[in-house]
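Student: Quick check, what structure comes out for this input:
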Amino acid sequence: MKKMLLIINPKSGIKKSTQIFENVKDIMSENEWELETVYTEYRGHATELATAAVGYDRIVCMGGDGTFNEVANGIMLNPVGFELGYIPAGSTNDFAHGLGLSKKITKNAKFAANQSAFPTDMGLFCANGEKTRHFSYVASFGLFTDISYSTDQKIKNIFGHLAYVFEGIRSIADLNRFRHFKMRIEFGGEAFESEFIFGAVTNSTSLGGLVKLDRKKVHVGDGKFEILLIRKPHTLAELTETLTELVNNRFRTGNIIFGHVDNIRLISQEPLKWTFDGEYAGEVRIADISVLHGALNLVRPTTVRRKPFFKKKAL
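Tutor: Predicted structure coming up:
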């Protein structure tokens, strides 16, 4: 009988009844898995559990994108290299949305129990020349990026994704939060400097539930991540145009830079607050980000490979 470790974060997302956890465990057992279940108790616990795991065929995590990040990091540190399944149960579930997973917990539990795993890319973030952490779907800075960790957990447990929407609207309405950062960007043989209010290196179609990317332009296993940078708007008209372009996925304005990268360097004149998969990751001035092609063996739907897309004119 195959063995599974089920790691559950009982505090992620909208508060759930204990019955849903029991239903998930029943689904795993009914699908011929010898199951061991562990509930996380503190931040970083899921990484510790996955790092120390021995003797399993598959690890499945139930929680939000932050929990998934922790488990994925633990598997990357574990020499065994387990298959990983994901039952999204957070407030926004950006990565799950990008993967095309269902919104229903029990349906995802059946999927995680029965489907095959496929090589999936991971990001490696090096801060100031030193390896810091892997990330699953996004490393970002600037506008919107503090929403996930600055929004009170009790509010997220009550309102779920709406809590992010409310905070996102507030951040746009408050012009004092439009901090800009002078940076040098190096990728794809190009180097340029500008002032930015937002930047993300991502492997998902959804960022904070607020910014969406075209599914045809994103593939989680192609060895490329997507880079999205927003220059500082100088007028209200520029800001309106930029936000409109983001909402409609057109990226025709010169204030938006979009492309596909396998490595990138971002150098800021001052330390930037970064987030990895929605979790605060500290302040960094020099960030080197690279894609680890197929580093994670993930239970996920197969997706259509995107066509090459690169906005040269934006540079």
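Student: Which neighbouring elements make contact with the longest strand along the chain?
Tutor: Taking DSSP state E as the criterion, the chain has its longest strand at strand 279-299. Applying 3 or more C-beta pairs under 8 Å, 6 or more residues apart in numbering; DSSP states H and E, we find strand 279-299 packed against helix 65-77, strand 83-88, strand 117-127, strand 130-135, strand 138-142, helix 147-150, strand 263-276. In short, each C-beta sits where N, CA and C put it, glycine included.
Student: Pass me the low-pLDDT residue ranges in the stretch 51-200 of the chain, would you?
Tutor: Low-confidence segments of the stretch 51-200 of the chain, defined by pLDDT under 70: 144-178.
Student: give me that answer again for 50
Tutor: Along the stretch 51-200 of the chain, the parts satisfying pLDDT under 50 run over 149-151, 155-166, 168-169, 173, 175.
Student: Okay, strands next: where are they in the stretch 101-250 of the chain?
Tutor: All strands of the stretch 101-250 of the chain, identified by DSSP state E, counting those that start in this stretch, fall at 117-127, 130-135, 138-142, 181-187, 190-202, 206-207, 211-212, 225-231.
Student: Of the ones you listed, flag the one that's most buried.
Tutor: Between the strands of the stretch 101-250 of the chain, strand 138-142 has the highest mean count of neighbours, a mean of 27, where neighbours are mean count of other C-beta atoms under 10 Å.
Student: what angle sits between that strand and strand 181-187?
Tutor: 150 degrees (axes from the mean of the first three to the mean of the last three C-alpha atoms, to 10 degrees).
Student: Within the sheet, what are the partner strands of strand 138-142, with directions?
Tutor: strand 190-202 (antiparallel), strand 263-276 (antiparallel) (DSSP bridges).
Student: Figure out which of these is closest to Glu41.
Tutor: Closest approach to Glu41 among the strands paired with strand 138-142 is made by strand 263-276 (21.2 Å; C-beta to C-beta).
Student: Any buried residues in the closest one, and which?
Tutor: Judged by neighbour count (16 or more other C-beta atoms under 10 Å), strand 263-276 contains these buried residues: 264, 266, 268, 272-276.
Student: do you know how far Gly188 is from Gly98?
Tutor: Gly188 is 22 Å from Gly98, where distance means C-beta to C-beta, to the nearest Å.
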